[in-house]
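K.L.:
Turn this into a model:
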Amino acid sequence: MRNSKKRKTTFNASYATEFKFIKKDERNDSRAVCTLCWKSFSIASGGRSSIVDHSKSDRHQTAISNANSSKKVTEF
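P.N.:
Presented below is the predicted three-dimensional model:
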């Protein structure tokens, strides 16, 4: 039997460039944090596709709606 360890995807700076709402989870290189809904999620097995999946989630969509309907401090 072959010992096959799967390689984990780690955060790549290009993710933050492509997806403005994503930053690296400081506690784990294989996780990303969404700055809109403050959810930390794994990118270990999916990488970019994990970010795309998160962006389609109900929690993320609700956070976008809330951000768009909220007034900015500079608008008061």
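K.L.:
Show me the strands in the chain, by range?
P.N.:
Along the chain, counting by DSSP state E, strands occupy 22-24, 31-34, 40-42.
K.L.:
Give me the sheet partners of the second one and which way each runs.
P.N.:
Looking back up the chat, that one is strand 31-34. For strand 31-34, the paired strands and their directions (DSSP bridges) are strand 22-24 (antiparallel), strand 40-42 (antiparallel).
K.L.:
Looking at the ones you listed, which one is packed in the most?
P.N.:
Ranked by mean neighbour count under mean count of other CB atoms under 10 Å, the strands paired with strand 31-34 are led by strand 22-24, which reaches a mean of 18. Glycine gets a C-beta too; all of them are placed from N, C-alpha and C.
K.L.:
contacting residues for Ser50?
P.N.:
For Ser50, the contact set (CB atoms under 8 Å, 6 or more residues apart in numbering) comprises Ala32, Phe41, Ser42, Ile43.
K.L.:
follow-up on the earlier one: format the strands paired with strand 31-34 as TSV; extra columns: distance to Ser65 and mean pLDDT.
P.N.:
Converted to TSV, those look like this (distance: least, CB to CB, whole Å; pLDDT from 0 to 100):
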stretch	distance to Ser65	mean pLDDT
strand 22-24	19	97
strand 40-42	20	97
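K.L.:
Can you say which of those strands is nearest to Ala13?
P.N.:
Checking those against Ala13 by CB to CB gives strand 22-24 as the closest, at 8.2 Å.
K.L.:
could you dump the biggest helix by length in the chain to CSV, C-alpha only?
P.N.:
If you go by DSSP state H, the chain has its longest helix at helix 58-69. In CSV, the C-alpha atoms belonging to helix 58-69 read as follows (Å, rounded to 0.1, in the frame of the first residue of the first chain):
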residue,chain,number,x,y,z
ASP,A,58,-26.2,32.6,2.2
ARG,A,59,-24.1,34.1,5.0
HIS,A,60,-21.8,35.9,2.5
GLN,A,61,-24.7,37.1,0.3
THR,A,62,-26.5,38.5,3.4
ALA,A,63,-23.3,40.3,4.5
ILE,A,64,-23.1,41.9,1.0
SER,A,65,-26.7,43.0,1.2
ASN,A,66,-26.1,44.5,4.7
ALA,A,67,-22.9,46.3,3.6
ASN,A,68,-24.7,47.8,0.5
SER,A,69,-27.7,49.0,2.6
